[in-house]
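S.K.: sharing a model prediction with you, sequence too.
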Amino acid sequence: MKVFIAGLDTETNTFAPIPTGRHAFAEGFIAHGDATRRPENYCSAQLNVWRRRAEERGWEVAESLCAFAEPGGIVVRSVYEEFRDEILADLRRAMPVDIVALALHGAMVAAGYDDCEGDILARVREIVGANVPIGAELDLHCHITEAMLRHATALVAYKEYPHIDIPARAEDLFSLLADAATGRTRPVMASFDCRMINTYRTTEQPLRGFVDRMLALEGRDGILSVSLGHGFPWGDVAEIGAKVVVIADGDRGKAERLARRLGEEFVAMREAIAPRFLTMDEALDRALAIDGGPVVIADVSDNAGGGAPGDATFFLKRVRERGLRNVASAFYWDPVAVRSAMEAGLGATFELRIGGKSGPASGDPVDLRVTVKGLADRLTQRFGQAPVEMGASAWVAADGIDLVLTSLRTQVFHPEGMTGLGLDPTRRKLVIVKSTQHFHAGFAPIAKAILYAAPPGALSPDFTAIPYSKLTRPYWPKVADPFA
Ligand SMILES: [Zn+2]
């Protein structure tokens, strides 16, 4: 038996002003067939699982490209095509193969390709033929399309947000593909379109219980896998929205019935699971009313992980206007400011212009007289177990406000992005982080309370106002009942 593995992963915010090209992938990760011999990241983590599982069985592994870029704007066409064609060329060379396992995102859009994953899966299917199981592990922030469902044997999405279960889902997908390849099962997929566009936290009820029930349904009564694609709201593509995918063993009707049942259950929960966001002032008022700290406030509108620039200044400006002190805020993507801080040196005090550089969605730059409190040539923070690069980074302080500036664009995952510079967030009253939900895994253990705020910004969660041009179906929350 021979298993072909590859990964190509980025999430595309088609409304973001930052093109995703060769530099974005180079800053993320690119490995031409040797990702599993390098330090693990969240994309190669899946390939590592698949290689280990195959080798435990004495199966041969053909490893191709593994590449990811921080979410951003539309992927440059030639960059996408070159990566895709590298995978396809490696696959042709590796043929015949018995299993194809791919680490994809599900919301990647390139110029001329609204559905990159569907395109890849179709071309892979063309090469391997109808009978070889093809599986893709997807981020739950995916657009599950007809092309993906048609050409893949199995689509398995992360179940958790924050995405703490990437290796666990890779294990699931491998088992599914191995059983199919050895003739033990005959996977058939069905999906249900929930016609919902929003973001959802699996850490909170009632969605927590729904996810636990999805897990409990798997592996019994002929059900092989249950996924809920939450969808990615900032993609202007026709097939956007939340979808349930069920894989059953040989019985398509069973898969269809369960997908519909779970989908309808999810639709019925919509008002209860819609995340509520505070205004900046509501969040600050509520945080100040809480005894002790740190109170962690998520700035969800400037989350680089959803393709936002990560240099918005709305919150910083408001905190200064209110004269608040003992506040830490991170990360501001500002390579120019980092360079100036490095040049000035540790302990230096000087005038620094911070943020607001990427476009109108980032607000105006803020000019501060800062003191450089910490510097690092190369800093990382954990996402799950894998280190995420932040590049050269600086901790600067002004008037009781501590800011972490980075030269690579990334959302806040973990406090070690602050402690690595010597900034201790547990000693601050307020910690404002640019992230929608991934910060939760790292910050919940140190937070007195967690609040979610939606200032203006590129990732503003006003889902009734996103200017979709290709979506033709009704969707909630634009309409109260999308099935009426
Ligand atoms: Zn995601």
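M.R.: Great, that's in hand. Residues are numbered from 1 along each chain as shown.
S.K.: neighbours around the residue in the stretch 351-484 of the chain positioned nearest to the ion, how many?
M.R.: Closest contact between the stretch 351-484 of the chain and the ion, by C-beta to the ion, is at residue 438 (7.9 Å). For glycine as for every other residue, the C-beta is placed from the backbone atoms N, C-alpha and C. Other residues within reach of residue 438, judged by other C-beta atoms under 10 Å, total 23.
S.K.: and if you look at residue 57?
M.R.: 11.
S.K.: now do the same contact list for it.
M.R.: By C-beta atoms under 8 Å, 6 or more residues apart in numbering, the contact list for residue 57 reads 1, 178.
S.K.: how much space separates it from residue 167?
M.R.: Note on residue 57: its distance to residue 167, by C-beta to C-beta, to the nearest Å, is 18 Å.
S.K.: same check on residue 389?
M.R.: For residue 389 relative to residue 167 (C-beta to C-beta), the value is 20 Å.
S.K.: summarise which helices and strands the helix or strand hosting residue 247 is packed against.
M.R.: Element membership of residue 247, judged by DSSP states H and E, is strand 243-249. Packing partners of strand 243-249 (3 or more C-beta pairs under 8 Å, 6 or more residues apart in numbering; DSSP states H and E): strand 154-157, strand 187-193, strand 223-229, helix 252-268.
S.K.: the longest strand anywhere in the chain vs the ion: in contact?
M.R.: Secondary structure of the chain per DSSP state E: the longest strand is strand 366-383. No. Remark: strand 366-383 sits outside contact range of the ion, by C-beta under 5 Å from the ion, the gap being at least 10.9 Å.
S.K.: identify the residue spatially nearest to the residue of the stretch 351-484 of the chain closest to the ion, adjacent ones excluded.
M.R.: Distances taken as C-beta to C-beta, 6 or more residues apart in numbering place residue 162 nearest to residue 438, at 4.6 Å, with adjacent residues excluded.
S.K.: ok, how many other residues are close to the one you found?
M.R.: Residue 162 is flanked by 21 other residues according to other C-beta under 10 Å.
S.K.: go ahead and confirm it touches residue 443.
M.R.: No. Contact criterion C-beta atoms under 8 Å: residue 162 and residue 443 do not qualify, at 10.3 Å.
S.K.: which residues of the protein lie near the ion?
M.R.: So the chain meets the ion at 139, 141 (C-beta under 5 Å from the ion).
S.K.: by proximity to the ion, which residue of the chain wins?
M.R.: residue 141 (3.6 Å).
S.K.: what's near enough to touch that residue?
M.R.: By C-beta under 8 Å, 6+ apart, the contact set of residue 141 is 11, 105, 106, 107, 161, 199, 229, 230, 231, 232, 306.
S.K.: I'd like to know the average pLDDT value across stretch 178-196.
M.R.: Mean pLDDT, stretch 178-196: 98.
S.K.: now do the end-to-end distance for that stretch.
M.R.: One end of stretch 178-196 sits 33 Å from the other (C-alpha to C-alpha, to the nearest Å).
S.K.: mind listing what's buried along it?
M.R.: By neighbour count, with 16 or more other C-beta atoms under 10 Å as the criterion, the buried positions of stretch 178-196 are 178-181, 185, 187-196.
S.K.: for residue 332, phi and psi?
M.R.: Note on residue 332: backbone dihedrals following degrees, to the nearest 10 are phi -100, psi 120.
S.K.: that one and residue 402 touch, don't they?
M.R.: No. The criterion here is C-beta under 8 Å, and residue 332 misses it with residue 402 at 11.3 Å.
S.K.: of the two, who's got more company?
M.R.: residue 332 (28 against 24).
S.K.: ranges for the strands of the stretch 51-200 of the chain?
M.R.: Remark: strands assigned in the stretch 51-200 of the chain by DSSP state E, counting those that start in this stretch are 60-68, 99-104, 134-138, 154-157, 187-193.
S.K.: any low-confidence regions in the protein?
M.R.: Within the chain, no stretch has pLDDT under 70.
S.K.: and the residue nearest the centre of it?
M.R.: Per C-alpha atoms, centre = their mean, the C-alpha nearest to the average position across the chain is that of residue 305, at 5.7 Å.
S.K.: thinking again about what came up before, mind listing what the residue of the stretch 351-484 of the chain closest to the ion touches?
M.R.: Contacts for residue 438 (C-beta under 8 Å, 6+ apart) come out as 162, 163, 305, 383, 411, 412, 413.
S.K.: swap in 10 Å and give it another go.
M.R.: Each residue near residue 438 by C-beta atoms under 10 Å, 6 or more residues apart in numbering is listed here: 161-164, 298, 303, 305, 383-384, 388, 411-414.
S.K.: try residue 196
M.R.: 230-231, 233, 241-243, 263, 266-267, 269-270, 273-274, 463, 475-477, 482.
S.K.: likewise for residue 374?
M.R.: Applying C-beta under 10 Å, 6+ apart to residue 374 gives the contacts 341, 346, 393-397, 402, 404, 418-423.
S.K.: residue 82 too?
M.R.: 22, 65, 76.
S.K.: most neighbours among the residues you listed, please name it.
M.R.: Most neighbours among these, by other C-beta under 10 Å: residue 65, with 21 neighbours.
S.K.: surely that one meets residue 6?
M.R.: Yes. The criterion here is C-beta atoms under 10 Å, and residue 65 meets it with residue 6 at 5.3 Å.
S.K.: any shared contact partners between the two?
M.R.: Common neighbours of residue 65 and residue 6, using C-beta under 10 Å, 6+ apart, are 33, 35, 83, 84, 86, 87, 90.
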